[in-house]
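Q: A structural model of the following input is requested.
(3 chains)
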Amino acid sequence: MQQNRSSNKSKGSFALIMVMLATLLASACSSGNNGEGGASAKPEQSSGSPTAAATQSASDDPYANAPRKISISTFDRGQVSSDEGTYEDNRWVKWIREQSGIDVTIVPVPRNQAQDSLNVLFASGQAPDMVWEYDRAYIGKLVTQGVIQPIGDYIEKYSTSYKKYLQENPDLLPHMTFNGEIYAVTAKRPITAIANHGMWIRQDWLDELKLERPTTVEELVEVAKAFKQRYPDSTPIVGHTTADIYAAMFGAMNFLWYLEDGKMQYGATLDRFADVIALEKQVYDLGLVDREYFTDNNNQRAAQLWTTGKAGIYLGQWGNGANDIMIQDMLANVPNAKPEPLEMVASKYGKYGAYQESSPNILVAFNKEMKNPKAAIEYLDWLIDKGWYTLAYGEEGVHYKLVDGVPKRLDEDKFNKEVLYAGEYAVVRDQVVKAEDLMVMAADDELSQRIAALKVESLKLTLKNEFRRDIPYQPSFDEINEIRATLDKFIRETRATAVTQGAKYTGEWAIGEIRKEWDRLGGAKAQEIAQQWYEENKGSF
Amino acid sequence: MVTMAKHKGGPSASARRSRRGSLARWLNNLLLALCAYATLFPFVNVIATSLSSSRAINAGEVFMWPVELNFDAYHNLIRDGQLIVAMQNTVLITVVGTALNMLFTIMAAYPLSKARLKGRGLMLMAILFTMLFSGGLIPNFLLVNSLGLVNTYWALWLPALISAYNMFVMKAFLEGLPEELEESASIDGAGEFTILTRIILPLSKPVIAALTLFYAVGWWNSYMNVLIYIRSTNKMSLMVKLYQMIDLVSSELLRGEGVTQAVITPESIRAAAVVFAILPILCVYPFLQKHFIKGVLLGSVKG
Amino acid sequence: MTTNTMPTTKQPVGKLAGRAPGFRKHFSRNRFLYAMLVPVAIYLILFKYAPMAGEIIAFKNYRLSDGIWGSSWVGFGQFEKLFASRDFYVVLRNTLLLNLYHLVFAFPVPIILAILLNEVRAEWYKRTLQNLLYIPHFISWVALGSIVIALLSPSTGFVNSLLKAFGIEPIYFMADKFWWPVSFIVSGIWKEAGFGTILYLAAMSAIDPTLYEAAKIDGASKRRQIWHVTLPGIRSTIAILLILQVGKMMDVGFEQVYTLRNDAVTSVAEVISTFVYTRGLVNLQYSYTTALGLFQSLIALILIVSVNRIIKAMGERGLW
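A: Just a heads-up that it's a prediction; the model follows:
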């Protein structure tokens, strides 16, 4: 018995040791193959590292003999049909190579898991030379992870067209800067993609009730009440960005910093924010909004109510395709409806414009292991100078024709099949769209023209009032990001409670809770840091 | 064992019992029918949505029946031809994957179901451990990458050879088979291999059918793995293609992508994609089902 | 040939079976079985245990550029951060609670359904029912979520119309802190119970029909037959599935929660998987999420070992 037990035990520990050895062996193998161990390890690509180049004198061109070859990521959205090819290989990739003179390799990553895919590529040393995202926070993460490099010098030394563009648009610089260095290249969105929030109202209802358009928050509520009275079955106010619109009215977006007498204050802790919640609660209590908007995840109910004519005011975006379709559907369901853009209303704090996106579009970062940054800069120069236009609009005469210098699409289907997917190859663009252009770009039929006219009107009204932005761009630092991770959720929860749980939970109560949570999460420290940042940067505003 | 008890009641009592029995059976059937209807409803709704017009869908008019019937959604999906290729890929992934799964699961479950085997406990603990602990995305990717398997289907099949859960289920089932079968077979001179293939496996048809179905469904629906490990467009699986087509871009992302067209997908196409994803599987399991019926023990030992 | 070493009673694992003299004989006698296990072992070591070394990033501050081995050590730092966040306890509580409800309410349903299905006489009807019952399993939550929400809508939902017919006030199920978990569990049952009958039906089909014959001859009613023949026949299957289910206690399916949750019920709806998702978006914190994963796995291990022990004490065969 003794003998058997000990032999059993030794057998057991022998096996355990084997397993551990094998594990260590296998993981050592995998790390060796991947050049994983530390910053000095290099993947298969060899010759000429950028750091070596920097130590040479500035007059040398270390890249003169390097092959003009770069790789760049792109989002795979499944929009390339098999006739056209693949994201890596199609007519536009060929065109890019011919026209730019640079051997460009496109590395697609699936849109839905883009960040994860890029991360594993970085982890295994296979990430492309240039990597881009819309999400600035992601670029920030890449900086912290140490996989991308500062590019200020490269722009300075090698860029022509982009450098000029940057000089003309210096307000882009802060978005490209992390920890005082430039890490990404970006370009501006056209205004249609920036000022794209707005309100819509049923003019035919206003006409019927002989009401004027509301110009203040109180009037808005009154008009909504009148709608409800006249049409008891309706839901006067619906939308998919309602919270943002209310917040913009009071100049208190919960995630932005504002200035109160030269002091930085976080939006969610402001008194004004209490008013935002109070308004939300008020319209809910008065039955003026959809009681179920919390569970309206895809905004389907809101869209339904609007397009079936059961809503009077819509708070949302005017610019994107979805809105066009909604208007079309509404006019199909209720031919006499007259949806028209409504100007933002004034609150007791002033008349502010609707929320505007920040201006940078795609942010392009440079992989630390990139071999030929000069070629990369040249590619970007070419793109912003000549390349983007064709990639965005197609070939003249084939996909569009020029009308007063504005590209007018010839065939929607042809464009969607042959050109739509190429848009994102143009990671930087010098694209300016004016309001009137929308009319020209739209199709010629009556409905499209009508919708285009409404969009022009929307844009004009949206730009009429200034969206309250006390500082031109927001600080981004770890403390506030950490706080936001928890606070954003808490704010949404508290709002929901305040709005739906009855008279006891007012806007005042909500702001009290939010402030308590802010303090608990270390908001005081964040405020200090923000204040310091403001002091340092206010000179450049 | 059930003892020989006195026959309860007389003939009229048993007649009463059988009347009550058929009433109970009727109720049972009805109850099950209701359950089936409840579970059927979402599917019918999805089919109806896929065949209706956008306008009707947005107006909330579609319930059980298509409104403004049209096949546009399906035309849209099939038009390109890519979906067919994707489906072929998925069939390949599923068939080979499931076969490998079943092979390895049996190879693990059968020996481990023998209590006499030394080291069994250690192995079982080792497998249990893998069910609960895993390295995460990056270590797994690094391993697959170092083996040079990225962008091949082996990157999908090899790491998933055995599902610990399924293995335990099979092992439990095998443990429940009477030992006498094996004993009498080996007395008759049968070797281990013969015992396994001629006796044990045929008896295990129900659990094999069940696990085959589980594995197959898993492969059919695999999404995340394919996204990360498969890079070439022409090797993509059906689920990935479908999800791409319905472009599950949430509104937060849309907001950030103002310039580039995010093509807004009509509900009808989304619904058609769902139908497309389910239909093939629905066609497969009637074939597996017949193994779930009451079986008869072969060559009973009890003489 | 083998009679002297084949015990007819089941030996508990860990003790030597029989009186086999030494390893060599045992290995060679069972070489077929061990041969089968060799590829399995290779698979486990290569594809499961090797990557598991990556778990150590839970004790480091992992950076993509430093790699797994190059990243700096922080000891238990990530865990401290985890336990210091108040959110974490809410999230943990929700995860455990929802799984507990699932165990109590959802686990028995497939068993009952399987029993009912088993009693259906007509084969065609049985097959049709099965086909129908399996369907929701294949529809993803992304598609089902909006259907569930629409069904439970206080204004237009079917459920509330029924309630109205009985004179009950409409309930906003999805936004109510009490009703949300109920809806969560019930919708989960709706989706999975049908498919969950498969294993039980498979087990039932392996029950010796002569047992039923004998019971019938003894005059047992349907109910007693079920109680005395069917249920004991699938007892071990239930036991195994129960243990495996407990092993999943620390995990609540991401998709279902993500599609069904909303701002009004975050305090009861946020679970570990959604917590990781939203936090992961803020900071590329692989180390943090790995630490959380490690914690989850450890608790699951403890739970599964405990339940296994309990089940074995009740006389059933455990997982190992």
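
Q: and the residue of the stretch 301-450 of chain A nearest chain C?
A: A:K368 (7.0 Å; CB to the nearest CB). Yep, even glycine has a C-beta here, placed from its N, CA and C like the rest.

Q: quick one: that residue and C:R63 touch, right?
A: No: using CB atoms under 8 Å, A:K368 is not in contact with C:R63, being 12.0 Å away.

Q: identify the contacts common to the two.
A: Residues touching both A:K368 and C:R63 (CB atoms under 8 Å, 6 or more residues apart in numbering or on different chains) are A:G146.

Q: so in chain C, where's the weakest helix or strand by average pLDDT?
A: helix C:272-282 (a mean of 70; mean pLDDT, DSSP states H and E).

Q: tell me which residues in the helix or strand just after that one are buried?
A: Following helix C:272-282 in sequence order, the next helix or strand is helix C:286-313 (DSSP states H and E). Neighbour-count burial for helix C:286-313 flags C:286-297, C:299-301, C:303-305, C:307-308, C:311-312 (criterion: 16 or more other CB atoms under 10 Å in any protein chain shown).

Q: how far out from the middle of the chain is helix C:286-313?
A: Relative to the centre of its chain, helix C:286-313 is centred 13 Å away, using CA atoms, centre = their mean, to the nearest Å.

Q: same check on stretch C:74-82?
A: That offset, for stretch C:74-82, works out to 29 Å (CA atoms, centre = their mean).

Q: give the buried residues for it.
A: Those would be C:V74, C:G77, C:Q78, C:F79, C:K81, C:L82, for stretch C:74-82 by 16+ other CB under 10 Å.

Q: the last one sits in which helix or strand?
A: When you say that, I think you mean C:L82. Per DSSP H and E: C:L82 is located in helix C:77-84.

Q: ditto for A:L402
A: Judged by DSSP H and E, A:L402 forms part of strand A:400-403.

Q: that strand packs against which elements?
A: strand A:406-409 (3 or more CB pairs under 8 Å, 6 or more residues apart in numbering or on different chains; DSSP states H and E).

Q: where does the prediction get shaky in chain C?
A: Residue ranges of chain C with pLDDT under 70: C:1-21, C:278-284.

Q: chain B contacts on the stretch 301-450 of chain A?
A: Counting by CB under 8 Å from any CB of the partner chain, the positions of the stretch 301-450 of chain A adjacent to chain B are A:303-304, A:307-308, A:317, A:319-322, A:325, A:329, A:332-333, A:357, A:361, A:416, A:420, A:423-424, A:429, A:431.

Q: are any of the residues you listed buried, and if so which?
A: Applying 16+ other CB under 10 Å to these flags A:303-304, A:307-308, A:317, A:319-320, A:322, A:325, A:329, A:333, A:357, A:361, A:420, A:423-424, A:429, A:431 as buried.

Q: what's the pLDDT at A:A39?
A: Listed pLDDT for A:A39 reads 34.

Q: with the one 10 residues further on instead?
A: At A:S49 the predicted local distance difference test score is 38.

Q: ok, now the one 5 residues further on?
A: Model confidence at A:A54, expressed as pLDDT, equals 42.

Q: also B:A33?
A: 87.

Q: distance check, it against chain A.
A: Remark: distance between B:A33 and chain A (CB to the nearest CB, to the nearest Å) = 30 Å.

Q: now that residue, nearest residue through space, not along the chain?
A: Excluding the flanking residues, the one nearest B:A33 by CB to CB, 6 or more residues apart in numbering or on different chains is C:L129, at 7.3 Å.

Q: please apply the same query to B:F214.
A: B:N166 (6.1 Å).

Q: could you check how far the one you found is from B:V95?
A: In this view, B:N166 and B:V95 are 17 Å apart by CB to CB, to the nearest Å.

Q: so which of the two has more stuff around it?
A: Between B:N166 and B:V95, counting by other CB atoms under 10 Å in any protein chain shown, B:N166 is the more crowded of the two (23 against 12).

Q: name the residues that touch the helix or strand C:T266 falls within?
A: Assigning secondary structure by DSSP H and E places C:T266 in helix C:266-269. Residues from elsewhere that reach helix C:266-269 (CB under 8 Å, 6+ apart): A:489, A:492-493, A:496, C:90, C:94, C:177, C:180-181, C:184, C:257, C:260-262.

Q: quick one, what contacts residue 247?
A: All of this refers to chain A. A:M253, A:N254, A:G267, A:F273, A:V276, A:Y355.

Q: chain C is the one I meant
A: B:M131, B:L132, C:A300, C:L303, C:I304.

Q: excluding chain neighbours, what is closest to the second one?
A: When the adjacent residues along the chain are set aside, B:L132 lies closest to C:S297, with 4.5 Å between them (CB to CB, 6+ apart).

Q: wait, that neighbour sits on B:G135?
A: No: under the criterion of CB under 8 Å, C:S297 is not in contact with B:G135, lying 11.2 Å apart.
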